[in-house]
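[1] Next comes the sequence, and after it the predicted model I'd like to discuss.
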Amino acid sequence: MIIKIKTKTEIMWIIVLLYLLKTYVLSAELFFMLCLFIIGLYTIRKQAVVIPKIPCIVFYALTLVIAAVVGMTKYPISLIERDVFYEFFSILYLFIGYYSFDYYRDRDKSLWKTVCLILFIISILCVVQGIGSVSSGADFAAFREQFSQSVGSISLMIPLLAGKMYIYKETTFSRVRDNGLLALWILQILLNLSRISIINICIGIIVFIICGVYKRRLNFKNSFRVICLIFTIVAAGGIFVSVMPDDAQERFSEKFANSFAEISSKNEYNSLSSAQNLSLIHI
């Protein structure tokens, strides 16, 4: 599948490069330093500290501070430092994304296409890694792990891309390429067998259908396309599950069977660790 893009006018290559560096090249600590370096350069260029004009960013930062203070009353400081360090990445992403839009000012850039391109590259690399694991004789668990990269982001993008195409009749690259991209992402989700990702996709599709009905964008033709898409996804999932090894099928079934038990308000736990252990068993 080839995705043709106008490289000079649409893709924010700074964000693509940073994401790939973070994912495949740099450690979390080095990437953190790189982000600070970029923010420092931008600050020097503007000769001022520029706070992104993003709705609720102050409230978001405040919730992190409150969470850290409350956490210090219950957990060791080392755990709080670790969590704050990783949550602080979200703040850095917002700053760098805001600065990137300022850098690309007066140029036609698409954050949507940039994200689609990033996850296209990620999925292709996952497929290559999966093929490599099969050729090296890896077991099913190791094979499945090769497709874990960015599945959370992909599970969010699948309903968005499908909704844009089948409900709002908006293409990103072209109808053929968008369908190919959608198929590639669905393949990665199926090969990874992430329960949370599958649930996210189902919820996302339902939300998009509700939005389509509310906005009166769903007619008979659109509804038929959506039904066909859902049927295709379900059929592909059913076929994939049927060819899985027996132990993998049992494991997958157990994960979904315990989903309702895990979120039940009637459950009682003696400690946070006992609740986390129950979740980890069924991931």
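    Noted; the coordinates are in hand. Numbers count the residues shown, from 1 in each chain.
[2] any idea how far the residue of the chain positioned farthest from its centre lies from residue 97?
    Computed with C-alpha atoms, centre = their mean, the residue of the chain farthest from its C-alpha average is residue 47, at 34.7 Å. Computed with C-beta to C-beta, to the nearest Å, the distance linking residue 47 and residue 97 is 21 Å. The way it works is simple: take the backbone N, C-alpha and C, and place the C-beta from them, glycine included.
[3] repeat for residue 239
    In this view, residue 239 and residue 97 are 39 Å apart by C-beta to C-beta.
[4] do the same with residue 135
    According to C-beta to C-beta, residue 135 stands 38 Å off from residue 97.
[5] more crowded one of those two?
    The residue with more neighbours, out of residue 135 and residue 97, is residue 97; 18 against 8, by other C-beta atoms under 10 Å.
[6] Now do the buried residues in the helix or strand that the more buried one is a member of.
    Assigning secondary structure by DSSP states H and E places residue 97 in helix 77-103. Within helix 77-103, the residues that count as buried by 16 or more other C-beta atoms under 10 Å are 80, 92, 95-100.
[7] Check stretch 125-144 too.
    Quick answer for stretch 125-144 (16+ other C-beta under 10 Å): 125-127, 130, 133, 143-144.
[8] What of stretch 211-219?
    Buried positions in stretch 211-219, judged by neighbour count with 16+ other C-beta under 10 Å: 212, 218.
[9] Now do that stretch: distance to the chain's middle.
    Offset of stretch 211-219 from its chain centre (C-alpha atoms, centre = their mean, to the nearest Å): 26 Å.
[10] same thing with stretch 101-113?
    Counting by C-alpha atoms, centre = their mean, stretch 101-113 is centred 21 Å from the centre of its parent chain.
[11] Give the rounded mean pLDDT of it.
    The pLDDT scores in stretch 101-113 average 80.
[12] contacts for it?
    5, 9-12, 14-15, 50, 97, 172-173 (C-beta atoms under 8 Å, 6 or more residues apart in numbering).
[13] Ends of that stretch, what's the gap?
    Here the two ends of stretch 101-113 are set 14 Å apart, with distance taken as C-alpha to C-alpha, to the nearest Å.
[14] coming back round to it: could you export the buried residues of helix 77-103 to TSV, including columns for distance to residue 139?
    Shown next, in TSV, are the buried residues of helix 77-103 (distance: C-beta to C-beta, whole Å):
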residue	distance to residue 139
80	37
92	37
95	42
96	39
97	39
98	44
99	44
100	41
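[15] Residue 136 is in contact with residue 143, correct?
    No: if you go by C-beta atoms under 8 Å, residue 143 and residue 136 don't touch, sitting 9.9 Å apart.
[16] what about this protein, any weak spots by pLDDT?
    Along the chain, the parts satisfying pLDDT under 70 run over 1-9, 106, 138, 220, 241, 244-283.
[17] Give me the distance between the most centrally placed residue in the chain and residue 242.
    Centroid check for the chain by C-alpha atoms, centre = their mean gives residue 153 as the closest residue, at 0.8 Å. For residue 153, the distance to residue 242 (C-beta to C-beta) stands at 28 Å.
[18] can you check residue 40 too?
    Per C-beta to C-beta, residue 40 is found 54 Å from residue 242.
[19] Equivalent analysis for residue 111, please.
    Distance, residue 111 to residue 242, using C-beta to C-beta: 39 Å.
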